[in-house]
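>>> One predicted model, sequence on top.
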Amino acid sequence: MSVVLKIKTATVQAIEQLYGMSLPADQILVNATKPEFEGDYTVVLFAFVKQLKKSPDALGQELGDALVAANPTLFSSYNIIKGFLNLLVANQFWMDFVEQEKNNALFGTQQTNGKSVMVEYSSPNTNKPLHLGHLRNNFLGWSIAEILKVNGYQVTKTCIVNDRGIHICKSMIAWQLFANGATPESTNMKGDHFVGDYYVKFNDEYKLQIAALVATGIDAAQAEKEAPIMKATQQMLLDWENGNAEVLSLWKRMNEWVYAGFDTTYKKIGSDFDKTYFESQTYLLGKDLVAEGLEKKVFFQKDDTSVWIDLTADGLDEKLVQRKDGTSVYMTQDIGLAVNKYNEFKADQSIYVVGDEQNYHFKVLKLICQKLGIPAADGIYHLSYGMVELPTGKMKSREGTVVDADDLVDAMLNIAQQKTEELGKVKDFTTEELAELYNTIGLGALKFFLLRVDPKKKMIFNPEESIDFHGFTGPFIQYTHARIKSILRKLSAEPFATNTAAGILLPLEKSLAKHLELFPDTISEAATEHDPSKLAIYLFELAKLFNTFYTQHSIANAESEEKKLIRLQLANLSALVLSKGMRLLGINVPERM
RNA sequence: GGUUCGGUAGCUCAGCUGGAUAGAGCACAAACCUUCUAAGUUUGGGGUCAUUGGUUCGAAUCCAAUCCGGAUCACCA
């Protein structure tokens, strides 16, 4: 049980005993005491002053006395200032806490809660390489999955690959027209980039053709439809759907190129999935649900035989679920896939990590599933994240203003290498060890950069300014970890003796212990809010605290053996929490850097 | 226009279930390496928390209106 919860519980009991009034624990407001006052945690009294008809001071006095008397191991003293009851937690309490957790690899890990959850993320299109936006998606999805795991959930990571559709045909057509049989092998290119280039070529050619048509006097909208390359693409999509062998074979071949490229990137950034779905295999799902929905009168049919759902009562619009030609739309597929996933995994919750541009889509998806009475419906949760934008605005692949994922990762590794070489602290590393270190640091900087901000908010990335390695960054935390490990190596600190001294904790020692104690609560908050940035901020503060502590107090040359011991314990637990916490963000921490 | 998300220091962001004098990092100015890793630490300047009104012991936080910006409201996926 966390300290804050203990304080709340103790307060509830005290109020019950003193005044015979029972309050729920969540009505007690407990804050960390502001540094300018004496104390560790503060109970805000105003909330019950009215109900109890007492002055804040009198209430605080009685409550403070009762709390200290009833919980001598928890509280050592208290003071009251203007309606705030500042409680001082006993030094021994913090020391016992550190003693107990000092080397506990499971610190912060919850027991299994019997619930299962699916996390769907990444969702790439197979017509172009991954970009910075995908990186945010991948890091978020992966991290949330790990955070849920330590909170006791059984997690299945899934990925839906958008491997069919008009956009795929665009690259295929362009390849037929311009490639002269070139392949990734013959051009020595990564497959996803190779295919992506033909997607760009399509758009270039398309624009030219439109311009040519407009020059002959055709209006722009008409020209967009008439352009031969577009007509060919649409024909190809039809051929694909009709199972044309030649088209299917080209489609497979080009997709294989892309998968090979994605595979490399996923390995490099550490993304993995337990189950991958392909849209080419799921896009027909959901059709039978349309019939079922019509029967249940959830859907209705218009005169032209298209099928709709009326969501005006829910403050939304009418939404199409089946075209008049009987084919299904995106929404229908998603309903089908949701049912499919549920049948396969029976997950209690299904989290979709998808950009906030699809907020409306997922709102509708959940509503429709609920109206259809699908068991998975209430468990649908859209983890909506903001776009990554450039200072000049949104990234657009057609205009070449995307930040390519591979390029960015490579650039990060280069900076990591350059800085490491400048500092020259690991000259004895082998080539392999160095490569691993650059990877750890470069990716750590990138992942932390993308995960440290609230997922809901859009964020700005300026390619002109390289991602920092100082301050609120991944490398700063990695560095702190390496620093601690260096001390532990030198003092060969394990196993620890049991700390029996009833010593006094210095302010910085106590601050560290206090902050370490918050780790389990932070992890569970990150899970319930679906927000890894809570964890990132926590870890940064821990690293900062440790560094301050480090410069003020020596561990190796501590004033006494007792001091040395408690500091060793604090250092070891700090390293453990930093390492474990960073791992939940998908970031490794080095032993040396 | 409807819905929805956002607006906090020069920049990037915390804080938002109402609590004490609004915080970090970067940038800027300065100090600290014969002592456990200076990718570090310390100090300093820097704010009309978009605006106006309301709710109350107390508002960056809640409510309303307004202004500004994004997303979305496709027989695209």
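That came through, no problem. Numbers count the residues shown, from 1 in each chain, chains lettered A, B, ... in the order given.
>>> Can the strand or helix carrying A:Ala435 be said to contact RNA strand B?
Assigned by DSSP states H and E, A:Ala435 falls within helix A:431-451. Yes. Counting by CB under 7 Å from any atom of the strand, RNA strand B has neighbours in helix A:431-451: A:Ile441. (Glycine included, C-beta is placed from N, CA and C.)
>>> Now for A:Ala575: which residues touch it?
Contacts of A:Ala575 were listed using CB atoms under 8 Å, 6 or more residues apart in numbering, and they are A:481, A:484-485, A:488.
>>> for the helix holding A:Ala435, packing partners?
Here helix A:431-451 is seen to pack against helix A:132-150, helix A:405-423, helix A:474-491, helix A:532-552 when contacts are counted using 3 or more CB pairs under 8 Å, 6 or more residues apart in numbering; DSSP states H and E.
>>> okay, the contacts of A:Ala575 in TSV with neighbour count and distance to RNA strand B next?
Shown next, in TSV, are these (neighbours: other CB atoms under 10 Å; distance: CB to the nearest atom of the strand, whole Å):
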residue	neighbour count	distance to RNA strand B
A:His481	26	8
A:Ile484	26	8
A:Lys485	20	6
A:Leu488	17	8
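>>> So which of the helices and strands packed on helix A:431-451 is the most surrounded?
Ranked by mean neighbour count, the helices and strands packed on helix A:431-451 are led by helix A:132-150 with a mean of 24 (mean count of other CB atoms under 10 Å).
>>> Could you check the angle the helix or strand following it makes with helix A:132-150?
As assigned by DSSP H and E, the chain's next helix or strand after helix A:132-150 is strand A:154-161. Between strand A:154-161 and helix A:132-150, the angle comes out at 160 degrees (axes from the mean of the first three to the mean of the last three CA atoms, to 10 degrees).
>>> what's the spacing between strand A:154-161 and its chain's center?
Centre-to-centre, strand A:154-161 and its host chain are 14 Å apart (CA atoms, centre = their mean, to the nearest Å).
>>> Could you name the helices and strands sitting against it?
Using 3+ CB pairs under 8 Å, 6+ apart, strand A:154-161 is in contact with strand A:116-120, helix A:132-150, strand A:275-278, helix A:279-282, helix A:330-345.
>>> That strand pairs with which strands?
strand A:116-120 (parallel), strand A:275-278 (parallel) (DSSP bridges).
>>> picking up where we left off before, got a markdown table for the helices and strands packed on helix A:431-451, with mean pLDDT too?
Formatted as a markdown table, these follow (pLDDT from 0 to 100):
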| stretch | mean pLDDT |
| --- | --- |
| helix A:132-150 | 96 |
| helix A:405-423 | 95 |
| helix A:474-491 | 96 |
| helix A:532-552 | 97 |
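>>> RNA strand B contacts on the stretch 351-500 of chain A?
A:356-361, A:386-387, A:391, A:394, A:416, A:419-420, A:423, A:425, A:441, A:452-454, A:456-460, A:462, A:468-473, A:475-476, A:479, A:482-483, A:485-487, A:490.
>>> Give me the residues contacting stretch A:449-457.
Outside of stretch A:449-457, the residues within contact range by CB under 8 Å, 6+ apart are A:135-136, A:139-140, A:143, A:356, A:383-386, A:388, A:459, A:467-468, A:472-474, A:530-533, A:536-537, A:540, A:585-586.
>>> now the strands: where do they sit in the stretch 251-400 of chain A?
Taking DSSP state E, counting those that start in this stretch as the test, the strands found in the stretch 251-400 of chain A are A:275-278, A:300-301, A:307-310, A:318-322, A:349-355, A:380-385, A:388-389.
>>> just to revisit the earlier point, list just the one of the helices and strands packed on helix A:431-451 that sits closest to A:Lys366.
Nearest of the helices and strands packed on helix A:431-451 to A:Lys366, taken as CB to CB: helix A:132-150 at 18.3 Å.
>>> Give me the angle between that closest one and helix A:431-451.
Using the same axes, to 10 degrees: helix A:132-150 against helix A:431-451 is 90 degrees.
>>> Give me the distance from helix A:132-150 to the chain's centre.
That offset, for helix A:132-150, works out to 4 Å (CA atoms, centre = their mean).
>>> what domains does the record give for chain A?
As assigned by automatic domain parsing, chain A contains the domains A:3-89, A:166-272, A:407-584.
>>> name the element the residue nearest to A:Thr498 when sequence neighbours are not counted belongs to?
Nearest residue to A:Thr498, sequence neighbours excluded (CB to CB, 6 or more residues apart in numbering): A:Glu99, at 6.9 Å. Using DSSP H and E, A:Glu99 sits in helix A:91-101.
>>> tell me the mean pLDDT over that helix?
Mean pLDDT, helix A:91-101: 93.
>>> and what of stretch A:246-257?
Stretch A:246-257 carries an average pLDDT of 96.
>>> circling back: and the helices and strands packed on strand A:154-161: which comes nearest RNA strand B?
helix A:330-345 (3.4 Å; CB to the nearest atom of the strand).
>>> and the angle from that closest one to strand A:318-322?
If you take the same axes, to 10 degrees, helix A:330-345 sits at 70 degrees to strand A:318-322.
>>> thinking again about what came up before, of all the helices and strands packed on strand A:154-161, which one is nearest A:Glu517?
Proximity to A:Glu517 (CB to CB) singles out helix A:132-150 among these, at 16.7 Å.
>>> residue of the stretch 351-500 of chain A with the smallest distance to RNA strand B?
Nearest residue of the stretch 351-500 of chain A to RNA strand B: A:Gly471, at 2.1 Å (CB to the nearest atom of the strand).
>>> State the number of residues packed around that residue.
If you count neighbours by other CB atoms under 10 Å, A:Gly471 ends up with 9.
>>> what does A:Lys267 give?
10.
>>> A:Ile504 now?
12.
>>> There's contact between A:Glu509 and A:Leu570 in this structure, I believe.
Yes. Assessed by CB atoms under 8 Å, A:Glu509 is found in contact with A:Leu570 at 6.4 Å.
>>> higher neighbour count, those two?
A:Leu570 (26 against 23).
>>> what comes up buried for the lowest-mean-pLDDT helix or strand in chain A?
Least confident helix or strand, chain A: helix A:46-52 with a mean of 80, by mean pLDDT, DSSP states H and E. Neighbour counts over helix A:46-52 (16 or more other CB atoms under 10 Å) mark A:48-49, A:52 as buried.
>>> Nearest to RNA strand B among those residues?
A:Val49 (7.7 Å).
>>> Contact partners for the nearest residue in space to the closest one that is not next to it in sequence?
In space, and not counting its chain neighbours, A:Val49 is closest to A:Pro56: 5.4 Å by CB to CB, 6+ apart. Neighbouring residues of A:Pro56 by CB under 8 Å, 6+ apart: A:45-46, A:49, A:80, A:82-83.
>>> Can you tell me which of those lies closest to A:His167?
Nearest member of the contacts of A:Pro56 to A:His167, counting by CB to CB, is A:Phe46, at 58.3 Å.
>>> And the nearest residue to A:Gly326 once chain neighbours are set aside, how far from A:Asn242?
Closest residue to A:Gly326 apart from its sequence neighbours, by CB to CB, 6+ apart: A:Thr305 at 7.7 Å. Taking CB to CB, to the nearest Å as the measure, A:Thr305 falls 21 Å from A:Asn242.
>>> Also A:Gln569?
Following CB to CB, the distance that separates A:Gln569 from A:Asn242 is 70 Å.
>>> picking that back up, mean neighbour count, the strands paired with strand A:154-161: which tops it?
Comparing those by mean neighbour count (mean count of other CB under 10 Å), strand A:116-120 comes out on top with a mean of 24.
>>> could the strands of the stretch 251-400 of chain A be laid out in TSV, adding mean pLDDT?
Formatted as TSV, the strands of the stretch 251-400 of chain A follow (pLDDT from 0 to 100):
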stretch	mean pLDDT
strand A:275-278	95
strand A:300-301	92
strand A:307-310	92
strand A:318-322	92
strand A:349-355	95
strand A:380-385	94
strand A:388-389	89
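>>> neighbouring contacts of stretch A:341-360?
A:115-123, A:133, A:137, A:140-141, A:144, A:153, A:156, A:158, A:275, A:277, A:316, A:338, A:362, A:374-376, A:379-387, A:456, A:458, A:530.
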